[in-house]
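S.K.: mind looking at a prediction? Sequence and model below.
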Amino acid sequence: MQPSAHTGQHGARPANGEQQRQTPQPGDHPCPCPLPHGSASLFRWATTASIKQSAAGKASPTAPAVVRRGKSGYTPATVPQGVSTMPGKAIPTAPRRASGTDDLTFVRQLQALGHPFVANSFGLVFAFSHAHLQYFLTDDATRQLELDILQMQEITAGPLHEFIDHSLLFSNGEVHRRRRTPLARAFAFPLMDALRPAVRQEAQALIRPLIGKGPTPFLEAVAGPFPARIVAGILGLPDADIPAFTRRVYSAIRGLSIQRSENIAATTEDTRHLLAYVAELLADRRRTPQDDFLSQYVARTAESPLSEAEVRAQIVTLILAGSDTTRAALTAILSRLLHTPDQWSLLKDDPDRHLQGAVAEGLRLEPVIGSYARVTTRQLELEGYHLPAGTIVGPLSLTALRDPEIYADPDTMDITRRDHPRLHPIFGAGPHRCLGEALARIELEEALRVIATEAPETTCIGPPAELRGLGAVREVVGMTVEFAA
């Protein structure tokens, strides 16, 4: 997939809030979404990673890539073969983060240093602009993390290792394409759009009983169960299995990043249960095919080069990917809307016109992905700065999605905004663009539709929801709401 283009700060687009979406094509996009695009705790272990040895074994030395900056992004120039002799400027190290400093304030302090790149004390290199984000995610000068997150935790076997080693999320090149292709067609926009009525009904089933019932913890009562139940429905899970399934999903999701040592045992056990549960589901569909997604996937992979471990891992990937970021996004977007009354009024008055714009703008201002970790596969020279092969780069969504070269008045929420790039950056770019983008958008739009139409007087009680962290999937701190018609 090509880097996302934009029309400038005042380019025209439909009134519904975002330019015409491009229908994803098989092989054009990447990680099943809404999913981690790297380790959520990269910043704590970057200097100890065995990245350089891995990168050295995969990339031949090349001259640094020189890129040109323009309003539509960075365009890689021709990179001649050979060893670079260009020293480049050293990337400055970021100052320590003061206690109590929120994420946006901190990254703006880093930007104010006046450099396009800043390294933290562990060696991870932050990049700030929308153009740099597009470059690092689309150019072959970088790769996705693979088993790195397990190596840092000295996990060399077991359920977590099996899952990470066989998941499309943590693979590159032909291996990634082979694992992704059987899922790609199933998650195309037209096919996912057919699920809208069912998604809306699920949102209604969760929200309607809460209207007029007083203070409600939104994350626990709505945002958490909602995406897990949608995924369970797609997979055809029995209703009786959904509560235990949901609990295991939100435990196993921790395995996608560096985790606290005291959590590893529980995460490993819940991952083992999910792998075993999926194995039973696959066996059942092979014995008794049904007219559902899982049976189609089984048929599609029957003669594919995927191993049984890979077939199983992609379904677990789908389960984990389809849950965590959506619950965080729904919580943060609703909170932002409720605390921006003029925009909430616009949405309530004409949801059909503004739902897509509300979701696009909410994802921009409240990005659930903090950064997109990649490893450079060759030495680069960008804007005069030298990035050796094996550097872990982390383009920051908080700054890229408020880049004034792309967005007019970037700190203002405007659900009628006309300057969104055609492809929303929060879903990544290049070969690892989020596979579940269509489903994620539909879930967010339909949940907001139900609240705006059936509980339009909903209010937030107490502090707003908050997203924290600069890693892959940011931590969400919930809020209390009162649903009211």
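M.R.: Done, it's in.

S.K.: let me see the ranges of the strands in the chain.
M.R.: For the chain, the strands defined by DSSP state E cover 67-70, 73-76, 117-119, 125-127, 142-143, 215-217, 374-376, 380-382, 385-387, 392-395, 459-461, 466-468, 475-477, 480-482.

S.K.: for the ones you listed, which one sits closest to residue 341?
M.R.: Closest of the strands of the chain to residue 341 is strand 459-461, at 10.2 Å (criterion: CB to CB). For the C-beta atoms, the positions are set from N, CA and C on the backbone; glycine is no exception.

S.K.: out of the strands of the chain, flag the one nearest residue 196.
M.R.: Nearest to residue 196, of all those, is strand 480-482, at 23.7 Å by CB to CB.

S.K.: pLDDT weak spots in this structure?
M.R.: Within the chain, the segments meeting pLDDT under 70 span 1-88.

S.K.: select the longest helix from it.
M.R.: The longest helix of the chain (DSSP state H) is helix 264-287.

S.K.: other SSEs contacting that helix?
M.R.: helix 159-166, helix 242-252, helix 293-301, helix 308-321 (3 or more CB pairs under 8 Å, 6 or more residues apart in numbering; DSSP states H and E).

S.K.: how far does that helix sit from the chain's center?
M.R.: Taking CA atoms, centre = their mean, to the nearest Å, the mean C-alpha location of helix 264-287 is offset from the chain mean by 23 Å.

S.K.: so it versus helix 159-166, what angle?
M.R.: Here helix 264-287 runs at an angle of 60 degrees relative to helix 159-166 (axes from the mean of the first three to the mean of the last three CA atoms, to 10 degrees).

S.K.: follow-up on the earlier one: check the helices and strands packed on helix 264-287 for me and report the most buried one.
M.R.: Mean neighbours per residue, mean count of other CB atoms under 10 Å, is largest over the helices and strands packed on helix 264-287 for helix 308-321, with a mean of 23.

S.K.: kindly export that helix (C-alpha atoms) in PDB.
M.R.: Taking C-alpha atoms only, helix 308-321 is exported to PDB below (Å, rounded to 0.1, in the frame of the first residue of the first chain):
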ATOM      1  CA  GLU A 308      -1.700 -25.800  11.800                       C
ATOM      2  CA  ALA A 309       0.000 -23.600  14.300                       C
ATOM      3  CA  GLU A 310      -0.200 -20.700  11.900                       C
ATOM      4  CA  VAL A 311      -3.900 -21.300  11.100                       C
ATOM      5  CA  ARG A 312      -4.600 -21.300  14.800                       C
ATOM      6  CA  ALA A 313      -2.500 -18.300  15.600                       C
ATOM      7  CA  GLN A 314      -4.200 -16.100  13.000                       C
ATOM      8  CA  ILE A 315      -7.600 -16.600  14.700                       C
ATOM      9  CA  VAL A 316      -6.100 -15.900  18.100                       C
ATOM     10  CA  THR A 317      -4.600 -12.700  16.500                       C
ATOM     11  CA  LEU A 318      -8.000 -11.700  15.200                       C
ATOM     12  CA  ILE A 319      -9.500 -12.300  18.700                       C
ATOM     13  CA  LEU A 320      -7.000 -10.200  20.500                       C
ATOM     14  CA  ALA A 321      -6.700  -7.500  17.800                       C
END
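
S.K.: what does that helix contact?
M.R.: Outside helix 308-321, the residues that touch it by CB atoms under 8 Å, 6 or more residues apart in numbering are 31-35, 162-163, 165-169, 178-179, 182-183, 231, 235, 249, 252-253, 256, 271, 274-275, 278-279, 281-282, 294, 297-298, 301, 306, 435-436.

S.K.: which one of the helices and strands packed on helix 264-287 lies nearest to residue 376?
M.R.: Closest among the helices and strands packed on helix 264-287, using CB to CB: helix 159-166, at 21.3 Å.

S.K.: other SSEs contacting that closest one?
M.R.: Helices and strands touching helix 159-166, by 3+ CB pairs under 8 Å, 6+ apart, are helix 148-151, helix 264-287, helix 308-321.

S.K.: buried residues in the longest one?
M.R.: Neighbour counts over helix 264-287 (16 or more other CB atoms under 10 Å) mark 264, 267-268, 270-275, 277-279, 281-282, 285 as buried.

S.K.: what's the farthest-apart pair in the residues you listed?
M.R.: Using CB to CB, the two most remote members of the buried residues of helix 264-287 are 264 and 285, lying 31.5 Å apart.

S.K.: tell me which of the helices and strands packed on helix 264-287 sits nearest to residue 459.
M.R.: With CB to CB as the criterion, residue 459 lies closest to helix 242-252 of these, at 26.8 Å.

S.K.: so the closest one versus helix 264-287, what angle?
M.R.: Between helix 242-252 and helix 264-287, the angle comes out at 130 degrees (the same axes, to 10 degrees).

S.K.: need the residues that contact helix 242-252.
M.R.: Under the contact criterion CB under 8 Å, 6+ apart, helix 242-252 has outside partners 224-225, 228-229, 231-232, 237, 266-267, 270-271, 273-274, 277, 316, 319-320, 323-324.

S.K.: show me how far it is from its chain's centre.
M.R.: Centre-to-centre, helix 242-252 and its host chain are 20 Å apart (CA atoms, centre = their mean).

S.K.: repeat for stretch 256-268
M.R.: Using CA atoms, centre = their mean, the offset of stretch 256-268 from its chain centre is 20 Å.

S.K.: kindly format the C-alpha coordinates of that stretch as CSV.
M.R.: The C-alpha trace of stretch 256-268 is given here as CSV (Å, rounded to 0.1, in the frame of the first residue of the first chain):
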residue,chain,number,x,y,z
LEU,A,256,1.5,-8.7,22.8
SER,A,257,3.9,-6.4,24.7
ILE,A,258,6.5,-6.5,27.5
GLN,A,259,4.6,-7.2,30.7
ARG,A,260,5.2,-7.2,34.4
SER,A,261,6.9,-10.4,35.5
GLU,A,262,4.1,-11.2,38.0
ASN,A,263,1.6,-11.2,35.1
ILE,A,264,3.5,-13.6,32.8
ALA,A,265,2.1,-16.8,34.4
ALA,A,266,-1.6,-15.7,34.1
THR,A,267,-1.0,-14.4,30.6
THR,A,268,0.6,-17.6,29.5
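
S.K.: of the strands of the chain, which is nearest residue 134?
M.R.: Closest to residue 134 of the strands of the chain, according to CB to CB: strand 73-76, at 4.7 Å.

S.K.: neighbours of residue 112, how many?
M.R.: Other residues within reach of residue 112, judged by other CB atoms under 10 Å, total 8.
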